[in-house]
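Trainee: Any chance you could fold what I've pasted below:
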Amino acid sequence: MPSEDQRPTDQRPARHRPRHESRRSSPTRHQPTSPTRHRPSSGPWDVHRLPSAEGRSFLVTGGNAGIGYFVAEQLAGTGATVVLGSRDHTKAEAAAACIRSRVPDARVRHIRLDLADLPSLGAAVDTLALGHLDAVVHNAGVALDDPPRRVTKDGHELMFGTNHLGHFALTRWLAPLLAAAPAARVVTVGSFAAKSEWLDLDDLQSAGDDYRPKRTYGRSKLAQMYFGLTLDRRLRALGSPVRSLVAHPGGALDSLTPARPPVHVRTSGERLRALPAGLLVQGKDAGAWPVVRAVLDPGATGGELWGPRVFGLRGEPRTEPVWDHLKDTGVAARLWDASCELVGMEPGLGFE
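Mentor: Residues are numbered from 1 along each chain as shown. Below is the predicted model of the structure:
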């Protein structure tokens, strides 16, 4: 995504580089453009030569497919232990096997995690069997294309209930593990689709007569992004070392995504038909870059928004200005209170 290829001083050992990655350095790579935020650049960053994360543990929700799969694959290449959170055992096992086939000595496993079933989350976190967690990537999500409106087991609208409330509640159960790490991160994956949406605080669950799935999806992702930024402000106020960041993949299409059978299969015809779109958007492998950088970059800090460099749609990862509507702390506070009430949790989410 945004900033251009640069090489980190702490590169991961060759044995952890995924087999599909190039081992050559490229002397013609451009220098990254300066982020529009005021913090100085964290230094060189090469999406194909990530810093080592040996000894660290990461949880990626929805790591069995899409953006989440590529986040997990790229993080596994750093030597970290990567846990895939998925409600589908078979798909998670296939994803883990695919990662192992591409990343030598990958430390990857999976747990059953159903974000649409809030009462099950505490037990799911127990199965992590970790003393601490260095980062969680809130990636899993549901996107419906057509009506009718559907609900979770808890009676929440499916997309809002899974994408936002599920991750909101999961953070509460993960809080002790995150707090036990020296400098943990919560990385929430938003969507470029949320940039043109706004929250209806009187109808967060789209219960009205005018149910539009695509709008509801965009609003659920916007709610997630509000959550990620609000969480960081609250953590800072508590003096917690945990930091919360938000990232989005830009425009990421399956047809531009490299094959990872059986996780993702792409025909030659699909690839060729998608080539013109590649001028504006990208594949999900590149869509994972801002998320991975938000997890790994030692210079990344809480409250940042990461996305692709080129118009927020494609390219290497960089920070970008927080969108104007995400700066509305009044809306953020009301959403936080409403979310606490809907999931039945205290405002501190276990960090106090």
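
Trainee: For stretch 122-141, buried residues please.
Mentor: For stretch 122-141, a neighbour-count test (16 or more other C-beta atoms under 10 Å) marks 124-125, 128, 130, 133-141 as buried. Placement of C-beta: from N, CA and C, glycine included.

Trainee: if we take the residues you listed, which one ends up nearest to residue 68?
Mentor: Comparing those against residue 68 with C-beta to C-beta places residue 139 closest, at 4.2 Å.

Trainee: so where does residue 187 fall, helix or strand?
Mentor: Using DSSP states H and E, residue 187 maps to strand 185-189.

Trainee: Show me the buried residues of stretch 122-141 that map onto strands.
Mentor: 135-138 (DSSP state E).

Trainee: can you put these in TSV and add pLDDT and distance to residue 241?
Mentor: Shown next, in TSV, are these (pLDDT from 0 to 100; distance: C-beta to C-beta, whole Å):
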residue	pLDDT	distance to residue 241
135	99	13
136	99	15
137	99	18
138	98	19
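
Trainee: And those residues, which is closest to residue 58?
Mentor: Once C-beta to C-beta is applied, the member of those that ends up nearest residue 58 is residue 135, at 4.8 Å.

Trainee: quick one, what contacts the closest one?
Mentor: If you count contacts by C-beta atoms under 8 Å, 6 or more residues apart in numbering, residue 135 has them with 56, 58-59, 184-187, 295.

Trainee: What's opposite the residue lying closest to it once chain neighbours are set aside in the beta bridge?
Mentor: Nearest non-adjacent residue to residue 135, counting by C-beta to C-beta, 6 or more residues apart in numbering: residue 185, 4.4 Å away. Applying DSSP bridges to residue 185 yields these beta-bridge partners: residue 135, residue 243.

Trainee: ok, back up a step: buried ones only from the contacts of residue 135, please, as a PyMOL command.
Mentor: Buried members of the contacts of residue 135, defined by 16+ other C-beta under 10 Å, are picked up in PyMOL with:
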select buried, resi 56+58+59+184+185+186+187+295
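
Trainee: among the contacts of residue 135, which two are most distant?
Mentor: 56 and 186 (14.5 Å).

Trainee: related to what we said a few turns ago, which one of the buried residues of stretch 122-141 is nearest residue 276?
Mentor: Distances from residue 276 to the buried residues of stretch 122-141, taken by C-beta to C-beta, are shortest for residue 141, at 27.2 Å.
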